[in-house]
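Chemist: build me a model:
(one chain, ligands or ions: 1)
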Amino acid sequence: MPNSSLIEADRRHLIHPVINYRAHEARGVTVLESASGSFLRDADGNELLDAFSGLWCVNVGYGQQSIVEAATAQMNRLPYATGYFHFGSAPAIELAAKLVELSPASLQHVYFTLGGSDAVDSALRFITHYFNATGRPSKKHFIALQRGYHGSSAIGSGLTALPAFHRHFDLPLPTQHHIPSPYAYRSEFANDGALIAASVAALEAKVAALGADNVAAFFCEPIQGSGGVIVPPVGWLKAMRDACRKLGILFVADEVITGFGRTGPLFACEAENVEPDLMTVAKGLTSGYAPMGAVLMSHEIYEGIADADPGAIVGHGHTYSAHPVSAAIGLEVMRLYHEGGLLANAAALAPRFARGLDALLAHPLVGDSRHRGLLGALELVSDKDSKAGFDPSLKLSDRIASAAYRNKLVFRAFGDNILGFAPALSYTAAEFDLLFERLEKTLDDVLAAPDVRAALDHRAGVIAC
Ligand code: PLP
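Modeler: Numbers count the residues shown, from 1 in each chain. The predicted structure is shown next:
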């Protein structure tokens, strides 16, 4: 199909995720055609530097031939094997064992899903089953963070705390609660210790209000991704984990974005020696080369479910759970992270990434720079002192995304003027140079618009640039 026909067919038939349907119809799709290394190519032949790894998932970069070969070999050998009826396949079993070996010691069992949303949904089902089966049926309430994202399954999207995922979806449920996120840039706390203590106190207060006997679990992302790359102080994750243990509730780390080297170590939990009761992963598990997610769980939870009703079936399953092709891809992706040197490359270049983001604090539009590993964000403000944002009528984030595209750069421009970055772990130093060159030009281009300048002039007086 020629590109113009694709755009028309897309407009008529393809429903896109998390988008305003009418705005998409009016704008039309941007068709991506191919990719290599850190670059995407669109249907008009534009070569775009991808600073977002697709959707924070293509951690190994595009065009890794060893993955293509592993997938092809598995497709030739056994393209599908059900996990039902006691069947299984070698790559799925090997990948489960590998994940247990590489993840925090508390996690001993793996259920494979197709992505992150159904990993969260599976975790919720397993937790409910576990408490019912172990004689604690009142434990039905779940606590998560404001601005958190835990996917868009029917129940999991109630743990997500972004308004678009609740509006008209009858969520959150009465059993789903949110406490403030550890958002240092916009918190009133004087230092990291105070922010961590406030988070712990908020969790304790929420559990006290609900009654510990009624609370099942606390879910959190070690760094909140879709809520605006909110990087908590070092020590926050450990403090929340310890608080959950004291409160007698389960601690679930949603590492769908932070997993697989995105923040430095293979898992963000590793950096603080955190051992969760359950962990959800996806994205970097297969680096986006095929769909796959997983729930990892502790032996205690597994045993509670396994011993619930002797002889009874645990009714949780997906046709494509433990898909052999996805698993073969996952095994090769794990090899690339370790033996392939990608974790080491990301660790070596993380300071370059941090320096590039921090240098842009000097730009008139940038109020905050935050990052860990190769996950980072800039927050744009109209006044650096008051941290005031921009009038939504300026549509600043749309304009930033368009300007970036003209400069052949792709990243995530969130609606509240936070710019998210998640370059592949395979980036070179030269690609980081190009990223920051194009990013600075993008910010300059947007600032050159009279209405954007006026928004800054209006609040902050004269802008020198
Ligand atoms: N959990 C977190 C932390 C995520 O960031 C995402 C997706 O971005 C999900 C869950 C949902 O994953 P998926 O989009 O693969 O369903």
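Chemist: for the ligand, what are the nearby residues on the stretch 201-350 of the chain?
Modeler: Selection of the stretch 201-350 of the chain residues close to the ligand by Cβ under 6 Å from any ligand atom yields 221, 225, 226, 254, 256, 257, 282, 293. Where you see a C-beta, it was placed from the backbone N, CA and C, and this is true even at glycine.
Chemist: contact partners for the first one?
Modeler: Neighbour list for residue 221: 145, 148, 149, 150, 227, 253, 254, 255, 256, 257, 258 [criterion: Cβ atoms under 8 Å, 6 or more residues apart in numbering].
Chemist: once you drop chain neighbours, what's closest to residue 328?
Modeler: residue 74 (3.7 Å; Cβ to Cβ, 6 or more residues apart in numbering).
Chemist: and the one you found, that's in a helix?
Modeler: Yes. Counting by DSSP: H, G, I helix; E, B strand; the rest coil, one finds residue 74 located in a helix.
Chemist: about what we covered before: make CSV from the contacts of residue 221 and add neighbour count and secondary structure to it.
Modeler: Below are the contacts of residue 221 laid out as CSV (neighbours: other Cβ atoms under 10 Å; DSSP: H, G, I helix; E, B strand; the rest coil):
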residue, neighbour count, secondary structure
145, 28, strand
148, 22, coil
149, 26, coil
150, 32, coil
227, 21, coil
253, 30, strand
254, 31, strand
255, 31, coil
256, 30, coil
257, 29, coil
258, 29, coil
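Chemist: okay, those in CSV with distance to residue 394 next?
Modeler: Putting the contacts of residue 221 into CSV (distance: Cβ to Cβ, whole Å) gives the following:
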residue, distance to residue 394
145, 28
148, 27
149, 25
150, 30
227, 22
253, 37
254, 33
255, 35
256, 31
257, 28
258, 32
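Chemist: show residues contacting the least confident helix or strand in the chain by mean pLDDT.
Modeler: Ranked by mean pLDDT, DSSP states H and E, the weakest helix or strand in the chain is helix 450-460, scoring a mean of 82. With contact meaning Cβ under 8 Å, 6+ apart, helix 450-460 is reached by 364-365, 382-386, 388, 390-391, 394, 396, 399, 446-447, 463.
Chemist: now with 10 Å?
Modeler: The contact list for helix 450-460, computed with Cβ atoms under 10 Å, 6 or more residues apart in numbering, reads 364-365, 380-386, 388-391, 393-394, 396, 399-400, 445-447, 449, 462-463, 465.
Chemist: residue 177: what's it in contact with?
Modeler: So residue 177 contacts 141-144, 158-159, 161, 206-207, 209-210, 215, 218 (Cβ under 10 Å, 6+ apart).
Chemist: just the buried ones from those?
Modeler: Buried members of these, counted by 16 or more other Cβ atoms under 10 Å: 141, 142, 143, 144, 158, 159, 161, 206, 207, 210, 215, 218.
Chemist: sitting in strands, which of those residues do you find?
Modeler: If you go by DSSP state E, the buried ones among the contacts of residue 177 have 141, 142, 143, 144, 215, 218 in strands.
Chemist: hey, what's the fourth one bridged with?
Modeler: Judged by DSSP bridges, the bridge partners of residue 144 are residue 178.
Chemist: how near is it to residue 422?
Modeler: Residue 144 sits 22 Å away from residue 422, going by Cβ to Cβ, to the nearest Å.
Chemist: now do the last one
Modeler: Using Cβ to Cβ, one obtains 25 Å as the distance from residue 218 to residue 422.
Chemist: now swap in the second one and tell me
Modeler: For residue 142, the distance to residue 422 (Cβ to Cβ) stands at 27 Å.
Chemist: residue 79 too?
Modeler: Distance from residue 79 to residue 422, by Cβ to Cβ: 31 Å.
Chemist: neighbour-wise, which of these two wins?
Modeler: In this view residue 79 and residue 422 are compared by other Cβ atoms under 10 Å, and residue 422 has more residues nearby, 28 against 11.
Chemist: nearest residue to that one other than its sequence neighbours?
Modeler: residue 56 (4.2 Å).
Chemist: burial measure for that neighbour, as a count.
Modeler: 24.
Chemist: report the contact partners of residue 293.
Modeler: Taking Cβ under 10 Å, 6+ apart as the test, what residue 293 contacts is 111-122, 151, 256, 280-283, 285-286, 321, 326.
Chemist: and it, bridged to which residues?
Modeler: Beta-bridge partners, per DSSP bridges, of residue 293: residue 113.
Chemist: and residue 111, which of the three is it?
Modeler: strand.
Chemist: care to break the chain down by domain?
Modeler: Following automatic domain parsing, the chain resolves into domains at 31-63+341-460, 66-338.
Chemist: re the thing from before, buried ones among the contacts of residue 293?
Modeler: For these, buried by 16+ other Cβ under 10 Å: 111-122, 151, 256, 280-283, 285-286, 321, 326.
Chemist: show me where pLDDT drops low in the stretch 351-465 of the chain?
Modeler: 458-465 (pLDDT under 70).
Chemist: can you list the residues of it near the ligand?
Modeler: Looking at the ligand, no residue of the stretch 351-465 of the chain is close enough under Cβ under 6 Å from any ligand atom.
Chemist: how about the helices in the stretch 351-465 of the chain?
Modeler: 396-406, 429-447, 450-460 (DSSP state H, counting those that start in this stretch).
Chemist: and the residue of the chain nearest the ligand?
Modeler: residue 116 (2.2 Å; Cβ to the nearest ligand atom).
Chemist: identify the residues contacting that residue.
Modeler: With Cβ under 10 Å, 6+ apart, residue 116 has these contacts: 57, 149-153, 156, 254-257, 259, 280-283, 285, 292-294.
Chemist: again, only this time at 7 Å
Modeler: Counting by Cβ atoms under 7 Å, 6 or more residues apart in numbering, residue 116 touches 151, 256, 280, 282, 283, 293.
Chemist: pLDDT value on the last one, please?
Modeler: By that I understand residue 293. Here, the pLDDT recorded for residue 293 equals 98.
Chemist: ok, residue 269 touching residue 106?
Modeler: No. Contact between residue 269 and residue 106 fails when scored by Cβ atoms under 7 Å: they sit 9.2 Å apart.
Chemist: hey, what's in contact with both of the two?
Modeler: residue 276.
Chemist: higher neighbour count, the two?
Modeler: Applying other Cβ under 10 Å to residue 269 and residue 106 shows that residue 269 carries more neighbours, namely 26 against 20.
Chemist: what about the more buried one, helix or strand, and which?
Modeler: Following DSSP states H and E, one finds residue 269 within helix 268-271.
Chemist: can you add distance to residue 2 and give the domains of the chain back as a markdown table?
Modeler: Formatted as a markdown table, these follow (distance: least, Cβ to Cβ, whole Å):
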| stretch | distance to residue 2 |
| --- | --- |
| domain 31-63+341-460 | 9 |
| domain 66-338 | 27 |
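Chemist: compare those and give me the one nearest residue 17.
Modeler: domain 66-338 (7.8 Å; Cβ to Cβ).
Chemist: quick one: that closest one to chain centroid distance?
Modeler: 11 Å (Cα atoms, centre = their mean, to the nearest Å).
Chemist: how much space between the residue lying closest to residue 431 once chain neighbours are set aside and residue 166?
Modeler: Excluding the flanking residues, the one nearest residue 431 by Cβ to Cβ, 6+ apart is residue 38, at 5.2 Å. As judged by Cβ to Cβ, residue 38 and residue 166 stand 35 Å apart.
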